[in-house]
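Trainee: The following block contains a protein sequence and its predicted model.
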Amino acid sequence: MITNTSTCPGCGVILPVTDYPASNPYGVTSPECRQKFDEILVKEQVLFHYPDVHRLVIDAYLTQHPRHKALQDKQQISKRLQDASVQSIAIHLIALYCALELKLPLASIASVMNTILTNMNKIGATFPELEPPHDLGKIRVTDVHDKVFAQEIVTLPEYEEITYAWARSSWAVWQAHHDTVRKWHKEYAQR
């Protein structure tokens, strides 16, 4: 039996085609990839009521789905949403920097992100687009999904270990831009 497959235009995972009605405002995820992500979020909520590591799940996933201008143009994604996809990558990389290098409490990072965006908005600043890496990490949404769904119950420490590994993988591949991300944090987090 041959199964039709779909390749995610963001992270590159290949999955059997489904009819999942995923919202894809930036045009850089496949419905099948988004379905795996959403299933992780549902299980996370049911088991742990959105623990602090939820922060890492969001940031790891989103930094693996960078802007893809040609595809977004083909899908007629508006300029506003294409620009938003550039800003999304930047702010989620800053969040990974805060978590993994600065080791800030995960629950405090949303406040840092809000401060940065507020300060940038005050001066009309935006993040420039970063050239995405060719390899978006060794750990993808399917790896996390498979581990979380491989057993009936996942403990919170096991889940934290999985999500930290995913976050480290996602952060590491953007190494060429780490200094830029550090500079953005320094420039906009303390105004």
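Mentor: Ah, there it is. Numbering: from 1, shown residues only.

Trainee: Would you tell me which helix is longest in this structure?
Mentor: Scanning the chain for the helix with the most residues, using DSSP state H, yields helix 79-100.

Trainee: Buried ones in that one, by neighbour count?
Mentor: Going by neighbour count (16 or more other Cβ atoms under 10 Å), the buried part of helix 79-100 is 82, 85-86, 88-100. Quick note: C-beta positions are derived from backbone N, CA and C, even for glycine.

Trainee: Please identify the helix or strand for I162.
Mentor: helix 156-172 (DSSP states H and E).

Trainee: just the angle between the longest helix of the chain and helix 156-172, please?
Mentor: Helix 79-100 and helix 156-172 are oriented at 120 degrees to each other (axes from the mean of the first three to the mean of the last three Cα atoms, to 10 degrees).

Trainee: Report all helices and strands that helix 79-100 contacts.
Mentor: Here helix 79-100 touches helix 54-63, helix 69-74, helix 109-123, helix 156-172, helix 178-188, going by 3 or more Cβ pairs under 8 Å, 6 or more residues apart in numbering; DSSP states H and E.

Trainee: returning to that earlier point: contacts for the helix holding I162?
Mentor: For helix 156-172, the external contacting residues (Cβ atoms under 8 Å, 6 or more residues apart in numbering) are 44, 47-48, 51, 53, 56-57, 59-61, 63-64, 93, 96-97, 99-100, 136-139, 143-144, 147-148, 154.

Trainee: quick one on the thing from earlier: got the helices and strands packed on helix 79-100 as JSON lines, with distance to S23, mean pLDDT and mean neighbour count columns?
Mentor: Below are the helices and strands packed on helix 79-100 laid out as JSON lines (distance: least, Cβ to Cβ, whole Å; pLDDT from 0 to 100; neighbours: other Cβ atoms under 10 Å):
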{"stretch": "helix 54-63", "distance to S23": "14", "mean pLDDT": "97", "mean neighbour count": "24"}
{"stretch": "helix 69-74", "distance to S23": "15", "mean pLDDT": "88", "mean neighbour count": "13"}
{"stretch": "helix 109-123", "distance to S23": "21", "mean pLDDT": "96", "mean neighbour count": "15"}
{"stretch": "helix 156-172", "distance to S23": "21", "mean pLDDT": "96", "mean neighbour count": "19"}
{"stretch": "helix 178-188", "distance to S23": "27", "mean pLDDT": "97", "mean neighbour count": "15"}
